[in-house]
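K.L.:
turn this into a model:
(one chain, ligands or ions: 1)
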Amino acid sequence: MENKTNVQPERKPVIFSAIQPSGSITLGNYLGALKNWIALQDGYNAIYALADLHTITVRQDPTTFRKNTYDAYALLLAMGIDLEKSIFFIQSQVPEHAQLAWVLNCYTQFGELSRMTQFKDKSQKHADNVNAGLFTYPSLMAADILLYQADLVPVGVDQKQHLELTRNIAERFNMLYSPTFTVPDGYILKNGAKIMSLQDPSKKMSKSDQNANACVHLLDKPDDIIRKFKRAVTDSEACVRYGEGKDGINNLMEIYGCITGKDNAAIEREFEGKGYGEFKLAVGEAVVDHLRPIQEEYTRLIQDKAYLESCFAENAAKASRIASKTLAKVMKKVGFLPMKRS
Ligand code: TYM
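P.N.:
Numbers count the residues shown, from 1 in each chain. This next block holds a predicted model:
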């Protein structure tokens with residue numbers, strides 16, 4: 001039907017985000033980003049991915065890598081990604097990501113990539129394998145976001161610098177040619193954006209921490225979760241209050257607040273006159289209770305490989321339909337010949 005009023009149908013803003021299937025997903029990933037992914041599905045056109053191409057910047061054992069990818073997909077569905085509302089695909093199954101990343105590499109400066117703190121950290125951590133992929137990782141991340149013309153990118157604080165670079169690359173390309181990419185904004189939560197290690201609260205909680213007690217994984221058994229919280233590093237004040245020099249307690253309050261929805265004042269009131277032992281146990285139990293239904297749903301889904309694989313295929317096809325349009329525009333603007341297969 002003809003649109004007589006010439007009013008464009010309102011476009012729901014697009015959100016894009018991704019997580020690496022590089023190991024077992026952590027409570028930090030969940031509270032900093034994934035919980036938000038679920039919440040945003042209703043108001044936005046949500047597109048999510050498992051960023052498995054990013055994962056091979058650090059050497060992976062193929063069997064474990066495959067298992068981690070199935071696990072992460074099932075776990076995110078169990079958390080509440082709804083495939084009726086959102087697209088959720090595996091990055092390596094949508095070749096446009098690697099293609100656009102190459103093009104964007106040529107619009108990203110060596111100096112910009114050299115300033116990325118994650119590159120500096122990871123190249124120290126994996127000094128025996130400082131590969132080119134680790135260096136150019138942010139251009140691939142920019143491709144992920146820009147292919148879908150994303151308006152918003154929900155991430156934790158550690159991805160802020162990569163997002164800034166994405167904006168710069170998009171603006172540079174748009175200036176050189178003509179408006180091609182939506183310049184995305186970050187969506188960083190006030191609470192939970194940086195969940196810290198339970199053993200060293202000056203460091204972020206990370207999948208790759210060598211200390212098993214430092215990081216809670218979403219698929220940890222309840223007893224292990226409780227044990228990790230009981231052993232969490234605190235301070236000697238023995239008073240549950242948010243404050244300077246109390247990084248361990250601040251972190252536990254943040255976790256408890258994210259899970260229960262309580263603010264710091266309410267948490268302080270709840271634990272007034274109570275010791276750290278009681279508080280740590282309460283945080284552990286709240287996390288266990290919150291994760292129980294997610295773990296149960298994960299256990300059901302992971303047994304149904306055929307269903308998961310049908311989701312992979314369907315969602316990769318949906319993502320590719322969107323991504324291929326952006327890629328085609330980019331290729332044309334740069335001056336590549338159109339591809340015609342006989
Ligand atoms: P990744 O896989 O390291 O982490 C996934 C998400 O979890 C957040 N996060 C945290 N948030 C709070 N506290 C923590 N301790 C914590 N640890 C991790 C991360 O900020 C992230 O939002 N490069 C990305 C994946 C990626 C991506 C993208 C993200 C690839 N392409 C495009 C957004 C858009 C990464 O390695 O995240």
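
K.L.:
up against the ligand, what does the protein have?
P.N.:
16-20, 28-29, 32-33, 51, 54, 141, 144-145, 153, 155-156, 158-159, 193-195, 204-205 (CB under 6 Å from any ligand atom). From N, CA and C alone the C-beta is placed, and that goes for glycine too.

K.L.:
in strands, which of those residues fall?
P.N.:
16, 17, 18, 19, 153 (DSSP state E).

K.L.:
so can I have CSV of the residues you listed showing distance to residue 325, neighbour count and pLDDT?
P.N.:
Formatted as CSV, the entries for those read as follows, by distance: CB to CB, whole Å; neighbours: other CB atoms under 10 Å; pLDDT from 0 to 100:
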residue, distance to residue 325, neighbour count, pLDDT
16, 15, 24, 98
17, 20, 23, 97
18, 19, 26, 98
19, 25, 22, 97
153, 19, 25, 96
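
K.L.:
ok so, going back, which of the residues of the chain next to the ligand count as buried?
P.N.:
By neighbour count, with 16 or more other CB atoms under 10 Å, those hold 16-20, 28-29, 32-33, 51, 54, 141, 144-145, 153, 155-156, 158-159, 193-195, 204-205 as buried.

K.L.:
would residue 112 count as being in a strand?
P.N.:
No. Assigned with DSSP: H, G, I helix; E, B strand; the rest coil, residue 112 falls outside any strand and is helix.

K.L.:
burial count for the closest residue to it other than its chain neighbours?
P.N.:
If the residues on either side of it in the chain are set aside, residue 112 comes closest to residue 165, at 6.0 Å by CB to CB, 6 or more residues apart in numbering. Close neighbours of residue 165, defined as other CB atoms under 10 Å, add up to 20.

K.L.:
next one, pLDDT for residue 165 please.
P.N.:
Among the per-residue scores, residue 165 holds a pLDDT of 98.

K.L.:
residues in contact with it?
P.N.:
108, 112, 116, 138, 142 (CB atoms under 8 Å, 6 or more residues apart in numbering).

K.L.:
ok, residue 97 next?
P.N.:
Contact partners of residue 97, counting by CB under 8 Å, 6+ apart, are 53, 91, 140, 143, 144, 147, 323.

K.L.:
now, which of those sits nearest the ligand?
P.N.:
Nearest to the ligand among the contacts of residue 97, counting by CB to the nearest ligand atom, is residue 144 at 4.0 Å.
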